[in-house]
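# dropping a prediction and its sequence here:
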Amino acid sequence: MQPLGFLLVRSTVVVPTYNEIENIERVCREVLLAAPNVQILVVDDGSPDGTADRAEELGRELGHISVLRRTEKNGLGNAYRAGLRRAIDDGAEICVQMDADLSHDPAVLPALLANVEHGADLAIGSRYVPGGRTVNWPTRRRWLSRWGNRYAAGVLGLAINDATAGYRAYSTNALERMKFETVKAEGYGFQIEMTYRLLRADGKIVEFPITFHDRTEGVSKMSGNIIKEAMLLVLKLWVADFKGRRRRRTEGA
Ligand SMILES: Nc1nc2c(ncn2[C@@H]2O[C@H](COP(=O)(O)OP(=O)(O)OP(=O)(O)O)[C@@H](O)[C@H]2O)c(=O)[nH]1
Ligand SMILES: [Mg+2]
């Protein structure tokens, strides 16, 4: 992709939603205020609170918004795999992942996009580089996130400070190269596996400092299962890596 400038690069912000009626309007308006030329793709898993209908209404009012409606709640990873595929098929050259709960400040969007336009394969909105921070997060969540990141980076040897971050921009080229649709994880594990894949595909990653705000409206979908999935996934990736290294050593011997 040529860095031809913000106006010429087609970018889609993929926003997965489940029961985000209190947040969807603000997030859409703030995204289009910060970056008026992007497309927003809301991927809704049949939210009973009518999030998808509201997003469609907003699309009629503001333009630039489409909704991918799915019937079942299938997890974040599943929603992103479908959403990223749709965005790419519709011509996006940069795909952004953003939560609908306003934890990810839309004002940072131009900076994330600029990093990818200037050559990064992935720009991560990072809480754990100098200048980054979390606001109003309960101690337990902060602790879990910080140590979860240390665990993933330590076990997998990732030189990344915030591999679980959900606010990120990818070049489409990198997404295709890393075969994102075969990433299996659903929760935090999805972000870790995507980061790992990209590094293994020799992707260039930039961590850009952000301030992460805890959600003030709506209900968190985090669960013990999501944490267990992520911890197990890291071990599985490590084992696969170990076996791969051993095979290569044996073949080379
Ligand atoms: N389509 C879809 N979206 C989901 C699903 N689970 C969560 N989401 C959305 O994914 C985003 C992140 O979910 P959150 O509940 O905020 O989870 P989190 O950010 O990991 O945890 P908190 O810090 O507690 O908010 C939000 O926009 C959710 O609405 C799902 O199964 N399907
Ligand atoms: Mg959240």
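Cool, got the structure. Ligands and ions are numbered 1, 2, ... in the order given.
# all strands for this structure, in order.
11-17, 39-44, 65-69, 94-97, 122-126, 133-135, 168-171, 205-209, 211-213 (DSSP state E).
# wait, which of the ones you listed is closest to ligand 1?
strand 11-17 (3.4 Å; C-beta to the nearest ligand atom). Glycine gets a C-beta too; all of them are placed from N, C-alpha and C.
# near ligand 2 at all, that closest one?
No - shown here: strand 11-17 not in contact with ligand 2 (C-beta under 5 Å from the ion), separated by at least 10.4 Å.
# which residue would be the closest one in the stretch 151-253 of the chain to ligand 2?
Nearest to ligand 2, among the residues of the stretch 151-253 of the chain, is Arg215, at 5.1 Å (C-beta to the ion).
# pLDDT below threshold where in the stretch 151-253 of the chain?
For the stretch 151-253 of the chain, the stretches with pLDDT under 70 are 253.
# picking up where we left off before, pretty sure the residue of the stretch 151-253 of the chain closest to ligand 2 contacts Asp101?
Yes - using C-beta atoms under 8 Å, Arg215 is in contact with Asp101, at 3.8 Å.
# what about the closest residue to Ala92 other than its chain neighbours, distance to Gly244?
Using C-beta to C-beta, 6 or more residues apart in numbering and skipping the chain neighbours, the partner closest in space to Ala92 is Thr12 (3.9 Å). As judged by C-beta to C-beta, to the nearest Å, Thr12 and Gly244 stand 33 Å apart.
# Ser103 too?
Distance, Ser103 to Gly244, by C-beta to C-beta: 35 Å.
# okay, those two: which has more neighbours?
Ser103 (23 against 11; other C-beta atoms under 10 Å).
# how far away is the residue lying closest to Asp44 once chain neighbours are set aside from Lys73?
Distance criterion C-beta to C-beta, 6+ apart; nearest residue to Asp44, sequence neighbours excluded, is Ala52 at 4.0 Å. Distance, Ala52 to Lys73, by C-beta to C-beta: 13 Å.
# what of Ile40?
Note on Ile40: its distance to Lys73, by C-beta to C-beta, is 20 Å.
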